[in-house]
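# pasting the sequence and the predicted model now:
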Amino acid sequence: MNKKKVDYKKVAKELAIENTQLNEAMLRERADATNVRNRAEKQKQQLAGFYKSLVIKEFLPTIDNFERAMKAHQHAGKKDEFFKGLESIYKQFIQTLDKLGVKRIKTVGEHFNPELHEAVVMEEGNGTEEVISEELQSGYKMGDEVIRHAMVKVKLQ
């Protein structure tokens with residue numbers, strides 16, 4: 001019988017190299033899996049925000065109508081139970097929007113910002129700065145995303 005002599009040092013070195021390569025491959029796979037999970041979570045959050053803003057957009061005309069009804073009732077000089085009911089429902093809407101992270105865009109007295117405001121009327125003035133003189137329709141944003149631009153009247157001051 002012809003027995004081959006095994007070089008255990010060489011075999012151990014080869015196994016150590018293979019072990020290192022397998023560990024590195026496993027670490028790369030773990031990193032890839034973590035990246036996939038993180039991307040999926042980020043996309044899920046973006047999609048949730050997108051659908052939330054779509055639903056909010058659908059409610060904004062209702063809120064606008066509440067504001068119009070309250071203004072008309074105030075102009076008529078009435079502060080009766082009907083008005084108090086309208087006001088209460090309107091406040092609930094605003095509180096709900098606040099809980100959802102939706103904020104009203106500031107307008108009157110602010111500098112015109114095309115990222116937040118839509119100028120519907122431009123008034124001449126004696127200056128060069130564009131300042132909002134009247135809000136025609138409220139604008140809203142959620143975080144950094146504008147859900148609806150505020151429609152405003154701008155005056156040069």
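Looks like it came in fine.

# domains for the protein, by residue range?
Using automatic domain parsing, the domain ranges for the chain come out as 7-100, 103-157.

# using TSV, lay out those domains together with mean pLDDT.
Shown next, in TSV, are those (pLDDT from 0 to 100):
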stretch	mean pLDDT
domain 7-100	91
domain 103-157	94
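
# pretty sure residue 127 contacts residue 111?
No - Residue 127 is not in contact with residue 111 according to Cβ atoms under 8 Å; the separation is 11.7 Å. Every C-beta, even on glycine, is put in place using the N, C-alpha and C of the backbone.

# hmm, back to that, so of the domains of the chain, which one's packed in deepest?
Per residue and on average, the most neighbours among the domains of the chain fall to domain 103-157, with a mean of 15 (mean count of other Cβ atoms under 10 Å).

# now the end-to-end length of it.
The first and final residues of domain 103-157 sit 27 Å from each other (Cα to Cα, to the nearest Å).

# now it: how far from the chain's centre is it?
When distances are taken as Cα atoms, centre = their mean, to the nearest Å, domain 103-157 is centred 19 Å away from the chain's centroid.

# bridged to residue 130, which residues?
residue 156 (DSSP bridges).

# what sits against it?
111, 112, 119, 154, 155, 156 (Cβ atoms under 8 Å, 6 or more residues apart in numbering).

# out of the residues you listed, which is nearest to residue 13?
Using Cβ to Cβ, residue 111 comes nearest to residue 13 of the contacts of residue 130, at 71.3 Å.
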